[in-house]
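A.B. asks: prediction below, plus the sequence it came from.
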Amino acid sequence: MLKNVVLLLALAAATPVSAAERVFIPFADKGGIDDWRSVNDRTLFLRSRGGQWYRAEMFAPCDGLGFANRIGYKSEPDGSFDDKSSILVEGRECRLQTLVKSDPPPKK
């Protein structure tokens, strides 16, 4: 029984997220992201115009993100922002690895 549970958990972790479950911020190219806060060079919190917070993890450390005063968003062709999108920090492009719905970022 325990072996079956472990196997099911392993399969669930290995199952890719379906298109219906993917998280995205609509209209990012038209003001759909109205606030952001960086935690460090890998973690960024974004707030959509509707007030929902999202946590983005970078594919690799994004130099300067932890102290940036401005960032840019490189959205998808349809204008949305998802885990395939990028941010721009001081002219450097940093790719996202994950984007998930989140509580607001921790207070500094």
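C.D. replies: Thanks, I have the structure now. Numbers count the residues shown, from 1 in each chain.

A.B. asks: contacts and neighbour counts: CA atoms only from here.
C.D. replies: Noted.

A.B. asks: for this protein, which segments count as helices?
C.D. replies: Applying DSSP state H to the chain gives helices spanning 2-14.

A.B. asks: give the partner strands of the lengthiest strand in it in its sheet and their orientations.
C.D. replies: Longest strand in the chain, counting residues (DSSP state E): strand 92-102. Note on strand 92-102: by DSSP bridges, its sheet partners are strand 53-58 (antiparallel), strand 86-89 (antiparallel).

A.B. asks: can you list contacts of stretch 28-37?
C.D. replies: With C-alpha atoms under 8 Å, 6 or more residues apart in numbering as the contact definition, stretch 28-37 has outside contacts at 25-27, 44-49, 73, 75, 79-81, 105.

A.B. asks: ok, those residues vs residue 55, which is closest?
C.D. replies: Nearest to residue 55 out of the contacts of stretch 28-37 is residue 45 (C-alpha to C-alpha; 4.6 Å).

A.B. asks: OK, contacts around the closest one?
C.D. replies: Taking C-alpha under 8 Å, 6+ apart as the test, what residue 45 contacts is 36-39, 53-56, 104-105.

A.B. asks: great, nothing more from me.
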